[in-house]
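# dropping the sequence and predicted coords here.
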Amino acid sequence: MSRSLGRSVQEIALFPAVYAILYAVFAPMLGSLSDRFGRKAMLVPALLGFAATMLGVASSRTFQGALIGWALAGICAAVIQPNTLAIVNDVVPLDKAPVAMGRVLSGLTVSFVVTPVVSSFLATRAHWRIAYVLLAAVALTSSIAILRLQLPRVPASQTLSPWAGVRAALAIRGVGRRLGMTFLWIGSSAGLAAILSETVRRRFGWSDESAGIFAGFFGLCTVLGNAVIGPFVRWFQSRKRMVLSGMVATAAGSALVGLMPAPSLAVPVIGVAIWTLGYGAGGPVHQSVLGHIAGSSRGMVTALNASAINLGIAAVASLTGSLLDRIGVEGVFGMAVGCMLVAVGLAASISDE
């Protein structure tokens, strides 16, 4: 894209940054609309809009045009993911919601691994624009599938404005602390995952290829964590204990990868396995509980949760960009692990569901 649009790689990096910022800002603003008008009424236009923006990026011949396309895609995505997760809680009872949420989020994890691989293949063997056309086709197909989906009628919220919706959502008992857990735990973990390749390159002197394989291993273990939610829920017999254990495992695994000495390959491998199993199994349980306690504000709460994740990622990314060369990856990991431990304290203060 840099060569094609005649801009530096640093300028091209503005695309995902603008996408994430607008996603985080607009998700709460649009969340109350799905509570008022319905999930499908918001989700189908957002998917169609996302398809149009991807086609816009694919056809753009200027940096400014592609940047606008990414910005509009971020706004559409602010509707798509929160509404998708809200639908899970709309149609699945609480006792089965953690497993269902894990299946949905495993799809998200798989896409994080598959999309860059497919895009790189298309960019090197054909053209980067084809990857965006393919994303547009996926979004269009998804909109048709959602349009045909039969969804139960959800009681409409009487909230009139986004800000009133935010106040109503935060007034629900436990929502504020759980959103704090999302920011400090899931957001920090996802932010660290984004710098995982750079971490192993700097700490262990691995090649780019080895670091890429390791990042793929991270995604695979996360999907495995999503897959074992059912047995884990039965084993722990408490969603609170499972979430707490997931948080502790995420913090411990992150510390092994980014803080502890690694005399052998086994240390970072074991660290990632512990990290991702805790993150992949505990995260969906946390998000399913958050969605179910939200009631008629489910769309808003789910949107705030998505914003909290993106803000956590942005915080780690900002910290990495400004301080990485001064404090190293160990310093970045240390601050993120500290945030996760604060999240453990928040979780411990909440009564079991």
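Noted; the coordinates are in hand. In this text the structure is predicted, and so the values were computed from the model without any measurement.

# what lies in contact with stretch 37-46?
30, 33-34, 76-77, 79-80, 83-84, 86-87, 90, 143, 146-147, 149, 151, 153-154, 156, 299 (CB atoms under 8 Å, 6 or more residues apart in numbering). (C-beta placed from N, C-alpha, C; glycine too.)

# now with 10 Å, please.
With contact meaning CB atoms under 10 Å, 6 or more residues apart in numbering, stretch 37-46 is reached by 30-31, 33-36, 75-84, 86-87, 90-91, 139, 142-147, 149-154, 156-157, 298-299, 302.

# what does stretch 95-105 give?
Against stretch 95-105 from outside (CB under 10 Å, 6+ apart): 81, 84-85, 87-89, 91-93, 109, 222-223, 225-233, 239, 242-243, 280-292.

# same thing but 8 Å
Under CB under 8 Å, 6+ apart, the answer for stretch 95-105 is 84-85, 88-89, 92, 225-227, 229-230, 233, 239, 242, 280-281, 283-285, 287-289, 291-292.

# swap in stretch 298-307?
Residues external to stretch 298-307 that are found in contact with it (CB under 8 Å, 6+ apart): 23-25, 27-28, 30-35, 39, 42, 78, 81-83, 85-86, 89-90, 154, 157, 159, 165-166, 168-169, 172, 175, 179, 182, 287, 290-291, 294.

# all helices of the stretch 201-350 of the chain, in order?
All helices of the stretch 201-350 of the chain, identified by DSSP state H, counting those that start in this stretch, fall at 208-227, 229-236, 239-258, 266-293, 298-348.

# quick one: the longest one to chain centroid distance?
Yep, that's helix 298-348 we're talking about. Helix 298-348 sits 12 Å away from the centroid of its parent chain (CA atoms, centre = their mean, to the nearest Å).

# before we move on, what about the second one?
Taking the mean of its C-alpha atoms, helix 229-236 sits 23 Å from the chain's own mean (CA atoms, centre = their mean).

# now it - C-alpha only, CSV.
Once non-C-alpha atoms are left out, helix 229-236 reads as follows in CSV (Å, rounded to 0.1, in the frame of the first residue of the first chain):
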residue,chain,number,x,y,z
ILE,A,229,-14.9,-23.2,28.0
GLY,A,230,-17.7,-25.8,28.6
PRO,A,231,-15.5,-28.3,30.6
PHE,A,232,-13.9,-25.4,32.5
VAL,A,233,-17.2,-23.9,33.5
ARG,A,234,-18.4,-27.4,34.8
TRP,A,235,-15.0,-27.8,36.6
PHE,A,236,-15.0,-24.4,38.4
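
# shaky segments in the stretch 151-300 of the chain?
154-162 (pLDDT under 70).

# show me the contacts for the residue most central in space within the chain.
In the chain, the centroid-proximal residue (CA atoms, centre = their mean) is I309; its distance is 6.0 Å. Neighbour list for I309: T182, F183, I186, G187, A190 [criterion: CB under 8 Å, 6+ apart].

# the spatially closest residue to it that is not a sequence neighbour: what secondary structure?
Leaving aside its sequence neighbours, I309 sits nearest to G187 (CB to CB, 6 or more residues apart in numbering; 4.8 Å). Assigned with DSSP: H, G, I helix; E, B strand; the rest coil, G187 falls in the helix class.

# and G187, how many neighbours?
26 (other CB atoms under 10 Å).

# okay but it is in contact with L319, surely?
No. At 12.0 Å, G187 does not count as touching L319 under the criterion of CB atoms under 8 Å.

# before we move on, the earlier item: gap between the residue nearest to I309 and A20?
Separation of G187 from A20 (CB to CB, to the nearest Å): 11 Å.

# now do the shared contacts for these two.
Residues touching both G187 and A20 by CB under 8 Å, 6+ apart: N310, I313.

# list the buried residues for stretch 237-251?
Within stretch 237-251, the residues that count as buried by 16 or more other CB atoms under 10 Å are R239, K240, M242, V243, L244, S245, G246, M247, V248, A249, T250, A251.

# now do it: everything it contacts.
98, 181, 185, 189, 232-233, 236, 274-275, 277-279, 281-283, 285-286, 289, 337, 340-341, 343-344, 347-348, 350-353.

# drop anything exposed from those.
98, 181, 185, 189, 232-233, 236, 274-275, 277-279, 281-283, 285-286, 289, 337, 340, 343-344, 347, 350.

# mind listing what's buried in stretch 45-57?
Residues A46, L47, L48, G49, F50, A51, A52, T53, M54, L55, G56, V57 are the ones in stretch 45-57 that count as buried (16+ other CB under 10 Å).

# chain center to that stretch: distance?
That offset, for stretch 45-57, works out to 20 Å (CA atoms, centre = their mean).

# now swap in stretch 341-353 and tell me
The answer for stretch 341-353 is 21 Å, by CA atoms, centre = their mean.

# could you do stretch 259-271 as well?
Using CA atoms, centre = their mean, the offset of stretch 259-271 from its chain centre is 26 Å.

# cool, and stretch 95-102?
Offset of stretch 95-102 from its chain centre (CA atoms, centre = their mean): 17 Å.

# any stretches of the stretch 1-150 of the chain with poor pLDDT?
Scanning the stretch 1-150 of the chain for pLDDT under 70 picks out 9-10.
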